[in-house]
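K.L.:
quick one: sequence and predicted model below, then my questions.
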Amino acid sequence: MHILYLHQYFATPRGSTGTRSYEFARRWVKAGHQVTVLTSQAQLTPEDVALAPSTGVGPESVASCGSPAMLKFEIEGVNVIALRVPYHQKMGKAARSLAFLRFMTAATRRAVTHPGVDVIYASSTPLTIAVPALAARRLRGRPFVFEVRDLWPDLPIAFGALRSGFLRRAAGILERRAYARAGAVVALSPGAAEVIRSRSPKDRRIEVIPNCADVDVFTPDADGGEVRRKHGWDDKFVLLHAGALGPANGLDVVVRMADGLRADASVHFVLLGEGSERTRLEAEVRRRGLTNVEFISGVAKAAVPAYFAAADVALVTVAPLPIMQHNSANKFFDALSAGRPVLLNYSGWQRELLESAGAGAGCDLGDEEAFAARIRAMKSDRALLAEMGRRARQLAIERFDRDRLAEQALRVVEEAVR
(Lines give C-alpha, C1' and ligand atoms only; values in the text may rest on other atoms or scores of the structure.)
Protein backbone atom coordinates (compact mmCIF):
# COMPACT_ATOMS: atom_id res chain seq x y z
CA MET A 1 0.00 0.00 0.00
CA HIS A 2 1.29 3.45 -0.94
CA ILE A 3 0.44 6.08 1.70
CA LEU A 4 0.78 9.78 0.90
CA TYR A 5 1.35 11.50 4.25
CA LEU A 6 0.43 15.19 4.21
CA HIS A 7 1.93 17.22 7.06
CA GLN A 8 3.02 20.81 6.48
CA TYR A 9 5.43 20.79 9.45
CA PHE A 10 7.07 17.36 9.18
CA ALA A 11 10.26 17.17 11.26
CA THR A 12 12.98 14.60 11.91
CA PRO A 13 14.80 14.00 15.21
CA ARG A 14 17.48 16.46 14.06
CA GLY A 15 14.98 19.27 14.57
CA SER A 16 13.58 20.78 17.75
CA THR A 17 9.88 20.03 17.40
CA GLY A 18 7.59 17.01 17.54
CA THR A 19 8.32 14.02 15.31
CA ARG A 20 5.00 12.15 15.38
CA SER A 21 4.73 12.02 11.57
CA TYR A 22 8.32 10.83 11.20
CA GLU A 23 7.86 8.11 13.83
CA PHE A 24 4.60 6.87 12.32
CA ALA A 25 5.88 6.98 8.75
CA ARG A 26 9.07 5.02 9.40
CA ARG A 27 7.17 2.36 11.31
CA TRP A 28 4.67 2.01 8.47
CA VAL A 29 7.59 1.46 6.10
CA LYS A 30 8.90 -1.28 8.39
CA ALA A 31 5.42 -2.84 8.26
CA GLY A 32 5.86 -3.24 4.50
CA HIS A 33 4.18 -0.13 3.11
CA GLN A 34 5.47 2.63 0.85
CA VAL A 35 5.22 6.06 2.46
CA THR A 36 5.69 9.42 0.77
CA VAL A 37 5.61 12.51 2.99
CA LEU A 38 4.55 15.78 1.38
CA THR A 39 5.62 18.70 3.53
CA SER A 40 7.17 22.17 3.58
CA GLN A 41 10.77 22.95 4.44
CA ALA A 42 9.71 24.89 7.55
CA GLN A 43 10.88 22.35 10.16
CA LEU A 44 13.67 20.63 8.24
CA THR A 45 17.26 21.16 9.36
CA PRO A 46 20.31 21.76 7.13
CA GLU A 47 21.30 18.16 7.94
CA ASP A 48 17.96 16.95 6.57
CA VAL A 49 18.39 18.98 3.41
CA ALA A 50 21.93 17.61 2.98
CA LEU A 51 20.43 14.13 2.60
CA ALA A 52 19.01 15.04 -0.79
CA PRO A 53 22.16 14.51 -2.93
CA SER A 54 22.83 11.11 -1.30
CA THR A 55 19.49 9.76 -2.49
CA GLY A 56 20.37 10.31 -6.10
CA VAL A 57 17.41 12.61 -6.73
CA GLY A 58 18.72 15.80 -5.19
CA PRO A 59 17.03 19.18 -5.09
CA GLU A 60 14.89 19.98 -8.10
CA SER A 61 13.26 23.18 -9.18
CA VAL A 62 9.82 22.86 -10.70
CA ALA A 63 8.98 25.67 -13.02
CA SER A 64 5.74 24.38 -14.51
CA CYS A 65 2.41 25.66 -13.16
CA GLY A 66 4.25 28.08 -10.89
CA SER A 67 5.23 25.37 -8.40
CA PRO A 68 7.70 26.42 -5.74
CA ALA A 69 11.09 24.79 -5.61
CA MET A 70 10.96 21.25 -4.31
CA LEU A 71 13.42 19.09 -2.44
CA LYS A 72 13.38 15.29 -2.37
CA PHE A 73 15.19 12.99 0.00
CA GLU A 74 14.80 9.67 1.76
CA ILE A 75 15.11 8.95 5.48
CA GLU A 76 14.73 5.46 6.93
CA GLY A 77 12.85 4.33 3.85
CA VAL A 78 10.42 7.26 3.92
CA ASN A 79 10.34 9.35 0.73
CA VAL A 80 10.10 13.03 1.61
CA ILE A 81 8.99 15.75 -0.80
CA ALA A 82 9.52 19.19 0.74
CA LEU A 83 7.97 22.20 -0.97
CA ARG A 84 10.09 25.28 -0.43
CA VAL A 85 7.46 27.65 0.92
CA PRO A 86 9.02 30.19 3.33
CA TYR A 87 7.37 30.26 6.76
CA HIS A 88 8.33 31.21 10.30
CA GLN A 89 6.47 32.37 13.43
CA LYS A 90 7.84 35.91 13.21
CA MET A 91 6.00 36.51 9.94
CA GLY A 92 3.08 38.92 10.03
CA LYS A 93 -0.45 37.61 9.77
CA ALA A 94 -0.73 38.41 6.05
CA ALA A 95 2.60 36.72 5.26
CA ARG A 96 1.62 33.58 7.21
CA SER A 97 -1.73 33.44 5.43
CA LEU A 98 0.04 33.70 2.09
CA ALA A 99 2.42 30.90 3.07
CA PHE A 100 -0.54 28.66 3.99
CA LEU A 101 -2.16 29.44 0.65
CA ARG A 102 1.00 28.78 -1.37
CA PHE A 103 1.62 25.46 0.33
CA MET A 104 -2.02 24.43 0.01
CA THR A 105 -2.02 25.16 -3.72
CA ALA A 106 1.25 23.36 -4.46
CA ALA A 107 0.38 20.41 -2.21
CA THR A 108 -3.02 20.04 -3.86
CA ARG A 109 -1.41 19.82 -7.27
CA ARG A 110 1.02 17.21 -6.02
CA ALA A 111 -1.57 15.17 -4.12
CA VAL A 112 -3.77 14.93 -7.20
CA THR A 113 -0.97 13.97 -9.58
CA HIS A 114 1.40 11.87 -7.44
CA PRO A 115 1.49 8.39 -8.98
CA GLY A 116 0.41 5.15 -7.37
CA VAL A 117 -1.16 6.52 -4.19
CA ASP A 118 -3.65 4.21 -2.47
CA VAL A 119 -4.59 6.36 0.51
CA ILE A 120 -3.81 9.77 2.03
CA TYR A 121 -3.12 10.55 5.68
CA ALA A 122 -3.63 14.30 6.16
CA SER A 123 -2.41 15.74 9.47
CA SER A 124 -3.60 19.19 10.51
CA THR A 125 -2.83 21.90 11.52
CA PRO A 126 -3.25 24.07 9.58
CA LEU A 127 -6.80 23.17 8.57
CA THR A 128 -5.93 23.91 4.94
CA ILE A 129 -4.08 20.56 4.79
CA ALA A 130 -7.56 19.10 4.22
CA VAL A 131 -7.80 20.76 0.79
CA PRO A 132 -5.23 18.52 -0.99
CA ALA A 133 -6.84 15.44 0.57
CA LEU A 134 -10.33 16.51 -0.47
CA ALA A 135 -9.16 17.32 -4.00
CA ALA A 136 -7.43 13.95 -4.42
CA ARG A 137 -10.53 12.17 -3.17
CA ARG A 138 -12.81 14.04 -5.56
CA LEU A 139 -10.57 13.96 -8.64
CA ARG A 140 -8.77 10.63 -8.18
CA GLY A 141 -11.04 8.70 -5.82
CA ARG A 142 -8.29 8.42 -3.21
CA PRO A 143 -9.60 7.78 0.32
CA PHE A 144 -8.09 9.76 3.16
CA VAL A 145 -7.77 9.77 6.93
CA PHE A 146 -7.90 13.20 8.57
CA GLU A 147 -5.78 13.71 11.71
CA VAL A 148 -6.72 16.61 13.99
CA ARG A 149 -3.86 17.77 16.21
CA ASP A 150 -5.62 20.97 17.27
CA LEU A 151 -9.22 22.02 16.76
CA TRP A 152 -9.33 24.52 13.93
CA PRO A 153 -10.94 26.98 13.38
CA ASP A 154 -11.85 27.00 17.10
CA LEU A 155 -8.29 27.62 18.30
CA PRO A 156 -7.38 30.62 16.11
CA ILE A 157 -10.82 32.09 16.79
CA ALA A 158 -10.28 31.73 20.56
CA PHE A 159 -6.93 33.53 20.28
CA GLY A 160 -8.41 36.30 18.14
CA ALA A 161 -6.35 35.35 15.10
CA LEU A 162 -9.35 34.70 12.86
CA ARG A 163 -11.65 37.69 13.12
CA SER A 164 -13.17 37.90 9.66
CA GLY A 165 -16.72 36.55 9.65
CA PHE A 166 -16.25 35.34 6.08
CA LEU A 167 -13.06 33.44 6.91
CA ARG A 168 -14.64 31.91 10.00
CA ARG A 169 -17.57 30.62 7.96
CA ALA A 170 -15.27 29.34 5.22
CA ALA A 171 -13.05 27.55 7.74
CA GLY A 172 -16.09 26.01 9.42
CA ILE A 173 -17.34 24.69 6.07
CA LEU A 174 -13.91 23.22 5.27
CA GLU A 175 -13.69 21.59 8.72
CA ARG A 176 -17.07 19.89 8.41
CA ARG A 177 -16.42 18.83 4.84
CA ALA A 178 -13.15 17.18 5.92
CA TYR A 179 -14.97 15.26 8.67
CA ALA A 180 -17.76 14.26 6.29
CA ARG A 181 -15.52 13.07 3.43
CA ALA A 182 -12.75 11.37 5.43
CA GLY A 183 -12.74 7.61 5.71
CA ALA A 184 -11.89 8.14 9.38
CA VAL A 185 -10.85 10.97 11.68
CA VAL A 186 -7.98 10.68 14.19
CA ALA A 187 -8.14 12.96 17.24
CA LEU A 188 -5.25 13.45 19.66
CA SER A 189 -7.41 13.72 22.77
CA PRO A 190 -10.78 12.45 24.00
CA GLY A 191 -12.10 16.00 24.37
CA ALA A 192 -11.22 16.87 20.80
CA ALA A 193 -12.86 13.63 19.65
CA GLU A 194 -16.13 14.67 21.32
CA VAL A 195 -16.10 18.03 19.55
CA ILE A 196 -15.37 16.34 16.21
CA ARG A 197 -18.14 13.79 16.81
CA SER A 198 -20.65 16.59 17.31
CA ARG A 199 -19.75 17.98 13.88
CA SER A 200 -19.46 14.73 11.92
CA PRO A 201 -21.85 12.24 10.32
CA LYS A 202 -23.13 9.73 12.86
CA ASP A 203 -21.40 6.82 11.12
CA ARG A 204 -17.99 8.53 10.92
CA ARG A 205 -15.22 6.56 12.60
CA ILE A 206 -13.34 8.73 15.11
CA GLU A 207 -10.23 7.22 16.70
CA VAL A 208 -8.32 8.75 19.62
CA ILE A 209 -4.55 8.35 19.12
CA PRO A 210 -2.64 10.73 21.42
CA ASN A 211 0.93 11.84 21.03
CA CYS A 212 3.60 9.30 21.91
CA ALA A 213 6.14 8.94 24.68
CA ASP A 214 9.80 8.83 23.66
CA VAL A 215 10.78 6.36 26.37
CA ASP A 216 14.19 5.62 24.83
CA VAL A 217 15.40 9.23 24.79
CA PHE A 218 13.69 10.64 27.89
CA THR A 219 14.58 8.29 30.72
CA PRO A 220 14.84 8.54 34.52
CA ASP A 221 18.44 7.36 34.15
CA ALA A 222 19.58 10.62 32.53
CA ASP A 223 22.20 12.46 34.60
CA GLY A 224 20.76 15.72 35.88
CA GLY A 225 23.50 16.34 38.42
CA GLU A 226 25.74 18.26 36.07
CA VAL A 227 22.84 20.49 34.98
CA ARG A 228 21.99 21.29 38.62
CA ARG A 229 25.62 22.13 39.39
CA LYS A 230 25.98 24.24 36.24
CA HIS A 231 22.95 26.38 37.07
CA GLY A 232 23.41 26.43 40.85
CA TRP A 233 20.26 24.46 41.61
CA ASP A 234 21.78 22.19 44.26
CA ASP A 235 19.43 23.38 47.01
CA LYS A 236 16.50 24.34 44.76
CA PHE A 237 13.07 22.82 44.17
CA VAL A 238 13.02 23.14 40.37
CA LEU A 239 9.82 23.36 38.33
CA LEU A 240 10.62 23.04 34.62
CA HIS A 241 8.72 24.17 31.56
CA ALA A 242 10.51 22.67 28.54
CA GLY A 243 9.03 23.72 25.22
CA ALA A 244 7.72 26.66 23.26
CA LEU A 245 7.22 30.02 24.92
CA GLY A 246 4.16 31.07 22.95
CA PRO A 247 0.68 32.49 23.65
CA ALA A 248 -0.88 29.02 23.85
CA ASN A 249 1.41 28.07 26.74
CA GLY A 250 -0.08 30.61 29.15
CA LEU A 251 3.24 31.20 30.90
CA ASP A 252 2.09 34.35 32.67
CA VAL A 253 0.74 31.99 35.31
CA VAL A 254 4.30 30.80 36.00
CA VAL A 255 5.45 34.39 36.52
CA ARG A 256 2.56 35.00 38.93
CA MET A 257 3.32 31.78 40.78
CA ALA A 258 6.96 32.85 41.12
CA ASP A 259 5.84 36.21 42.49
CA GLY A 260 3.47 34.63 44.99
CA LEU A 261 6.08 32.11 46.16
CA ARG A 262 9.10 34.43 46.22
CA ALA A 263 9.32 34.22 50.01
CA ASP A 264 10.45 30.60 49.68
CA ALA A 265 13.92 31.01 48.18
CA SER A 266 14.18 27.30 47.41
CA VAL A 267 11.34 27.33 44.82
CA HIS A 268 12.79 27.96 41.37
CA PHE A 269 10.98 28.14 38.03
CA VAL A 270 12.85 27.35 34.79
CA LEU A 271 11.55 28.22 31.32
CA LEU A 272 13.58 26.25 28.77
CA GLY A 273 12.92 27.14 25.16
CA GLU A 274 12.19 29.91 22.71
CA GLY A 275 9.05 31.56 21.41
CA SER A 276 7.25 34.76 20.59
CA GLU A 277 6.37 35.45 24.25
CA ARG A 278 9.89 35.18 25.64
CA THR A 279 10.90 38.84 25.39
CA ARG A 280 7.65 40.01 27.01
CA LEU A 281 7.90 37.42 29.79
CA GLU A 282 11.50 38.40 30.54
CA ALA A 283 10.46 42.04 30.76
CA GLU A 284 7.65 41.13 33.19
CA VAL A 285 10.05 39.13 35.38
CA ARG A 286 12.38 42.12 35.51
CA ARG A 287 9.50 44.49 36.27
CA ARG A 288 8.47 42.36 39.25
CA GLY A 289 12.06 42.03 40.43
CA LEU A 290 11.93 38.23 40.45
CA THR A 291 15.07 36.17 40.92
CA ASN A 292 13.31 32.79 41.04
CA VAL A 293 12.52 32.59 37.31
CA GLU A 294 15.29 31.50 34.95
CA PHE A 295 15.17 31.54 31.15
CA ILE A 296 17.39 29.07 29.30
CA SER A 297 17.88 28.78 25.55
CA GLY A 298 20.39 27.31 23.14
CA VAL A 299 20.10 23.80 24.59
CA ALA A 300 20.56 21.03 22.03
CA LYS A 301 17.66 18.61 21.80
CA ALA A 302 19.94 15.78 22.91
CA ALA A 303 20.61 17.63 26.18
CA VAL A 304 16.96 18.23 27.10
CA PRO A 305 16.52 14.85 28.89
CA ALA A 306 19.22 15.91 31.38
CA TYR A 307 17.19 19.04 32.18
CA PHE A 308 14.14 16.92 32.91
CA ALA A 309 16.31 14.73 35.13
CA ALA A 310 17.55 17.85 36.93
CA ALA A 311 14.03 19.08 37.61
CA ASP A 312 11.79 18.07 40.51
CA VAL A 313 8.51 18.74 38.69
CA ALA A 314 7.57 19.21 35.03
CA LEU A 315 5.15 22.06 34.37
CA VAL A 316 2.60 21.94 31.57
CA THR A 317 0.55 25.12 31.37
CA VAL A 318 -1.94 26.53 28.88
CA ALA A 319 -3.59 29.86 28.19
CA PRO A 320 -6.82 30.38 30.17
CA LEU A 321 -9.11 29.22 27.36
CA PRO A 322 -11.32 26.12 27.85
CA ILE A 323 -10.44 24.76 24.40
CA MET A 324 -6.80 24.40 25.49
CA GLN A 325 -7.79 21.60 27.87
CA HIS A 326 -8.11 19.32 24.82
CA ASN A 327 -4.40 19.69 24.01
CA SER A 328 -1.92 16.82 23.56
CA ALA A 329 1.40 18.66 23.95
CA ASN A 330 4.64 16.76 23.35
CA LYS A 331 6.20 18.08 26.57
CA PHE A 332 3.54 16.25 28.59
CA PHE A 333 4.69 12.93 27.15
CA ASP A 334 8.38 13.85 27.41
CA ALA A 335 7.88 14.51 31.12
CA LEU A 336 6.13 11.16 31.64
CA SER A 337 8.93 9.37 29.79
CA ALA A 338 11.53 11.13 31.93
CA GLY A 339 9.81 9.94 35.08
CA ARG A 340 8.99 13.43 36.31
CA PRO A 341 5.81 14.27 38.23
CA VAL A 342 3.65 16.51 36.04
CA LEU A 343 1.78 19.58 37.27
CA LEU A 344 -0.95 21.12 35.09
CA ASN A 345 -2.77 24.43 35.47
CA TYR A 346 -5.90 22.95 33.87
CA SER A 347 -8.35 20.07 33.96
CA GLY A 348 -9.46 17.68 31.25
CA TRP A 349 -8.26 14.30 30.08
CA GLN A 350 -4.61 14.78 31.10
CA ARG A 351 -5.49 15.76 34.66
CA GLU A 352 -7.83 12.75 34.96
CA LEU A 353 -5.08 10.50 33.63
CA LEU A 354 -2.39 11.87 35.97
CA GLU A 355 -4.46 11.81 39.12
CA SER A 356 -5.95 8.37 38.49
CA ALA A 357 -2.43 6.99 37.92
CA GLY A 358 -0.87 8.95 40.78
CA ALA A 359 1.63 10.49 38.35
CA GLY A 360 0.93 14.17 38.92
CA ALA A 361 -1.81 16.71 39.52
CA GLY A 362 -3.83 19.49 37.96
CA CYS A 363 -6.32 22.15 38.98
CA ASP A 364 -9.29 23.92 37.50
CA LEU A 365 -8.31 26.31 34.72
CA GLY A 366 -7.77 29.75 36.24
CA ASP A 367 -7.66 28.55 39.86
CA GLU A 368 -4.24 29.93 40.72
CA GLU A 369 -4.66 29.43 44.48
CA ALA A 370 -5.08 25.70 43.87
CA PHE A 371 -2.11 25.73 41.49
CA ALA A 372 0.11 27.31 44.16
CA ALA A 373 -1.21 24.84 46.74
CA ARG A 374 -0.24 21.93 44.46
CA ILE A 375 3.31 23.31 44.24
CA ARG A 376 3.60 23.58 48.01
CA ALA A 377 2.19 20.07 48.51
CA MET A 378 4.62 18.53 46.03
CA LYS A 379 7.58 20.32 47.59
CA SER A 380 6.66 19.19 51.11
CA ASP A 381 6.49 15.45 50.37
CA ARG A 382 9.60 14.18 48.56
CA ALA A 383 8.59 10.53 49.03
CA LEU A 384 5.28 11.18 47.27
CA LEU A 385 7.13 13.07 44.55
CA ALA A 386 9.42 10.11 43.91
CA GLU A 387 6.44 7.75 43.71
CA MET A 388 4.70 10.09 41.26
CA GLY A 389 7.80 10.04 39.08
CA ARG A 390 7.90 6.25 39.07
CA ARG A 391 4.24 6.08 38.11
CA ALA A 392 4.71 8.71 35.39
CA ARG A 393 7.35 6.54 33.74
CA GLN A 394 5.12 3.49 34.04
CA LEU A 395 2.25 5.42 32.45
CA ALA A 396 4.45 6.43 29.51
CA ILE A 397 5.48 2.85 28.83
CA GLU A 398 2.06 1.28 29.25
CA ARG A 399 -0.19 3.84 27.56
CA PHE A 400 1.85 5.88 25.09
CA ASP A 401 4.29 3.48 23.45
CA ARG A 402 5.14 4.63 19.91
CA ASP A 403 5.06 1.19 18.35
CA ARG A 404 1.56 0.49 19.65
CA LEU A 405 0.15 3.90 18.68
CA ALA A 406 1.73 3.79 15.20
CA GLU A 407 0.20 0.34 14.71
CA GLN A 408 -3.18 1.65 15.83
CA ALA A 409 -2.96 4.51 13.30
CA LEU A 410 -1.94 2.10 10.55
CA ARG A 411 -5.01 -0.06 11.20
CA VAL A 412 -7.18 3.03 10.74
CA VAL A 413 -5.44 3.76 7.42
CA GLU A 414 -5.77 0.18 6.19
CA GLU A 415 -9.45 0.05 7.03
CA ALA A 416 -10.07 3.35 5.22
CA VAL A 417 -8.91 1.69 1.99
CA ARG A 418 -11.30 -1.25 2.28
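P.N.:
Nice, thanks for sending it over.
K.L.:
list the contacts for Thr17?
P.N.:
For Thr17, the contacting residues are 9, 11, 43, 330, by C-beta atoms under 8 Å, 6 or more residues apart in numbering. Any C-beta I mention is one placed from the backbone N, CA and C, and that applies to glycine too.
K.L.:
redo these as CSV? Include distance to Gly246, neighbour count and secondary structure.
P.N.:
CSV is the format used below for those (distance: C-beta to C-beta, whole Å; neighbours: other C-beta atoms under 10 Å; DSSP: H, G, I helix; E, B strand; the rest coil):
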residue, distance to Gly246, neighbour count, secondary structure
Tyr9, 14, 19, coil
Ala11, 17, 20, coil
Gln43, 15, 23, coil
Asn330, 13, 18, helix
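K.L.:
ok, so of these, who is nearest Pro132?
P.N.:
Proximity of those to Pro132 (C-beta to C-beta) peaks at Tyr9, which lies at 14.7 Å.
K.L.:
excluding residues flanking it in the chain, which one is nearest the closest one?
P.N.:
Gln43 (4.9 Å; C-beta to C-beta, 6 or more residues apart in numbering).
K.L.:
go ahead and confirm the one you found touches Pro13.
P.N.:
No - in this structure, Gln43 is not within contact of Pro13 by C-beta atoms under 8 Å, at 11.5 Å.
K.L.:
so the most far-flung residue of the chain relative to its centre, which state does it fall into?
P.N.:
Residue farthest from the centre of the chain, counting by C-alpha atoms, centre = their mean, is Ala263 at 35.1 Å. Look at Ala263: counting by DSSP: H, G, I helix; E, B strand; the rest coil, its state is coil.
K.L.:
what's the distance between it and His241?
P.N.:
22 Å (C-beta to C-beta, to the nearest Å).
K.L.:
same check on Glu226?
P.N.:
Glu226 is 20 Å from His241, by C-beta to C-beta.
K.L.:
between the two, which one's more packed in?
P.N.:
Counted by other C-beta atoms under 10 Å, Glu226 and His241 do not tie: His241 has more neighbours, with 21 against 12.
K.L.:
state the distance from that one to Val195.
P.N.:
From His241 to Val195 the distance is 27 Å (C-beta to C-beta).
K.L.:
next helix or strand past the helix or strand of the chain with the lowest mean pLDDT?
P.N.:
The helix or strand of the chain with the poorest confidence is strand 59-60; it has a mean of 39 (mean pLDDT, DSSP states H and E). Using DSSP states H and E, the helix or strand that follows strand 59-60 in sequence is strand 70-75.
K.L.:
remind me what that next one packs against, helices and strands.
P.N.:
If you count contacts as 3 or more C-beta pairs under 8 Å, 6 or more residues apart in numbering; DSSP states H and E, strand 70-75 packs onto helix 46-49, helix 51-54, strand 59-60, strand 78-83.
K.L.:
could you tell me the least trusted of the ones you listed?
P.N.:
The stretch with the lowest mean pLDDT among the helices and strands packed on strand 70-75 is strand 59-60, at a mean of 39.
K.L.:
so which one of the contacts of Thr17 is the model least confident about?
P.N.:
Gln43 (87).
K.L.:
and the closest residue to Arg20 other than its chain neighbours, how many neighbours?
P.N.:
Sequence neighbours aside, Asn211 is the residue nearest to Arg20 in space, at 6.0 Å (criterion: C-beta to C-beta, 6+ apart). Close neighbours of Asn211, defined as other C-beta under 10 Å, add up to 22.
K.L.:
so Asn211, which of the three states?
P.N.:
Of the three states, Asn211 takes coil under three-state DSSP.
K.L.:
can I assume it is in contact with Asp401?
P.N.:
No - contact criterion C-beta under 8 Å: Asn211 and Asp401 do not qualify, at 11.8 Å.
K.L.:
just to revisit the earlier point, mind putting the helices and strands packed on strand 70-75 into JSON lines with distance to Pro247 and mean neighbour count?
P.N.:
Output for these, formatted as JSON lines (distance: least, C-beta to C-beta, whole Å; neighbours: other C-beta atoms under 10 Å):
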{"stretch": "helix 46-49", "distance to Pro247": "28", "mean neighbour count": "13"}
{"stretch": "helix 51-54", "distance to Pro247": "34", "mean neighbour count": "14"}
{"stretch": "strand 59-60", "distance to Pro247": "35", "mean neighbour count": "12"}
{"stretch": "strand 78-83", "distance to Pro247": "27", "mean neighbour count": "22"}
